[in-house]
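>>> what shape does this take:
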Amino acid sequence: MYQDTAIAKNIPSTWHGNLDIVYALRNGKTQPISDRVQAPLKVQRPFYPEGDICHTAILHTAGGIVGGDCLSINLQLQPRSQALVTTTAASKIYRSNGLQARQIVEIQIDEGACLEWLPQETIVFNGANYRQDLRVELAPGASWLGWEITRFGRSARGERFLQGEWRSYTEVWQQGQPLWIDRQWLPGEEAILNSPHGLAGHSIVASLTWIGCEVSPELVTKCRDVTCNVSTTIPITNYGVTRLPHGLLCRYRGSSSIEVRNWFTSVWQLLRLSLLDRSSCLPRVWQQ
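Residues are numbered from 1 along each chain as shown. All right, here's what the predicted structure looks like:
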């Protein structure tokens, strides 16, 4: 009788999902002109709440990622196209079965194009072993705004990230030159969770990055002031705004998803207005 190879070898079944989308400007509107999808990834039909910018929501049909899973997302924005990509729900990284779970995102943004990469929160369960890689290739005149919000342990249940490992590698390049390289590693252990150089007793770390052009000191000050307007409870030691040679970086360390989402959303709206001459337009899936 035939028996599945993975079962016969007592190896857990894994997913190797792929998503490839090419965007292009057609008749004054950005459209996905090519897309290839392999489960468990799926993409909802494009939305145009702003008329010309394509809003895309990525769905993970399996509900979460386990050890051995590898998700690959490839996006290309052709010249002068503009897209906003998010996810339909928080990503869940389950306890490892002995294998590493991975997500690899590769983005190519051509001249004059702009991508807003705004996935919802990633929840890393205690015992998970997860690595995420994101590489952006920017053409001259192109821009990228992205954020990453990661919660360690299901803190609402009292779970802490005491076992496992999380790695995050982000790279932004332009014509062979690195514009932004960010590598983070967090092993699940008590000392790291409590260390002031680790989580300092918190459960969430997050980064928001704009890369594409120089940012004025005045805009940096406005982004810092936004924090005070959004929340009076974020200690100054738990957030930071830094001017980069080709953009802006915001960091957060805390315990409230609502707090960091509100801050990042306000910064994103400010950057949109100042650098892209666009008003705010929240993705539809955030409002469900």
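>>> how about the contacts made by the nearest residue to I65 once chain neighbours are set aside?
Beyond its immediate neighbours in the sequence, the residue positioned closest to I65 (C-beta to C-beta, 6 or more residues apart in numbering) is A101, lying 4.6 Å away. The way it works is simple: take the backbone N, C-alpha and C, and place the C-beta from them, glycine included. Neighbour list for A101: 65-70, 93-94, 128-131 [criterion: C-beta atoms under 8 Å, 6 or more residues apart in numbering].
>>> cool, and G67?
When contacts are counted by C-beta under 8 Å, 6+ apart, G67 is found next to 12, 14, 94, 96-101, 129.
>>> recalculate using a threshold of 7 Å.
Under the criterion of C-beta atoms under 7 Å, 6 or more residues apart in numbering, the neighbours of G67 are 12, 96-101, 129.
>>> over to D133?
104-105, 169.
>>> bridged to it, which residues?
According to DSSP bridges, I104, Y169 are recorded as the beta-bridge partners of D133.
>>> biggest helix in this protein, by residue count?
Taking residue count as the measure and DSSP state H as the definition, the longest helix of the chain comes out as helix 257-275.
>>> give me the contact list for that helix.
Residues outside helix 257-275 that contact it (C-beta under 7 Å, 6+ apart) are 121, 145, 147, 149, 151, 204, 206, 208, 210, 213, 219, 222-223, 226-227, 230-231, 234, 250, 252, 254, 278-280.
>>> dump the contacts of G67 to a markdown table, plus distance to D110, secondary structure and pLDDT.
Below are the contacts of G67 laid out as a markdown table (distance: C-beta to C-beta, whole Å; DSSP: H, G, I helix; E, B strand; the rest coil; pLDDT from 0 to 100):
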| residue | distance to D110 | secondary structure | pLDDT |
| --- | --- | --- | --- |
| P12 | 40 | coil | 51 |
| S96 | 38 | coil | 93 |
| N97 | 40 | coil | 90 |
| G98 | 41 | coil | 90 |
| L99 | 36 | coil | 95 |
| Q100 | 32 | coil | 96 |
| A101 | 31 | strand | 96 |
| N129 | 35 | strand | 97 |
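>>> can I get the CA coordinates of the longest helix of the chain in CSV?
The C-alpha coordinates for helix 257-275 follow below in CSV (Å, rounded to 0.1, in the frame of the first residue of the first chain):
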residue,chain,number,x,y,z
SER,A,257,-0.2,46.2,20.1
ILE,A,258,-2.7,49.0,20.0
GLU,A,259,-0.1,51.5,21.2
VAL,A,260,2.5,50.7,18.6
ARG,A,261,-0.1,50.4,15.8
ASN,A,262,-1.5,53.8,16.7
TRP,A,263,2.0,55.4,16.7
PHE,A,264,3.2,53.7,13.5
THR,A,265,0.0,54.6,11.7
SER,A,266,0.3,58.2,12.7
VAL,A,267,4.0,58.3,11.6
TRP,A,268,3.0,56.5,8.3
GLN,A,269,0.3,59.1,7.7
LEU,A,270,2.7,62.0,8.3
LEU,A,271,5.4,60.5,6.0
ARG,A,272,2.7,59.9,3.3
LEU,A,273,1.6,63.5,3.4
SER,A,274,5.1,65.0,3.6
LEU,A,275,7.0,62.7,1.2
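>>> flag every buried residue along that helix.
Applying a neighbour-count criterion of 16 or more other C-beta atoms under 10 Å, one finds 257, 259-272, 274-275 buried in helix 257-275.
>>> run the chain-centre distance for stretch 112-120.
Stretch 112-120 has its average C-alpha position 10 Å from the chain's average C-alpha position, going by C-alpha atoms, centre = their mean, to the nearest Å.
>>> typo on my end, it should be stretch 52-70
Stretch 52-70 sits 11 Å away from the centroid of its parent chain (C-alpha atoms, centre = their mean).
>>> pLDDT on it, on average?
Averaged across stretch 52-70, pLDDT comes to 93.
>>> any weak-confidence spans in the stretch 1-150 of the chain?
Low-confidence segments of the stretch 1-150 of the chain, defined by pLDDT under 70, span residues 1-13.
>>> helices of that one, start to end?
Read by DSSP state H, counting those that start in this stretch, the stretch 1-150 of the chain holds these helices, from start to end of the chain: 5-8.
>>> tell me, how many residues neighbour the closest residue in space to A24 that isn't next to it in sequence?
If you skip the residues right next to it in sequence, A24 has Q78 as its closest partner in space, 4.3 Å away by C-beta to C-beta, 6+ apart. The burial metric for Q78, expressed as a neighbour count using other C-beta atoms under 10 Å, is 18.
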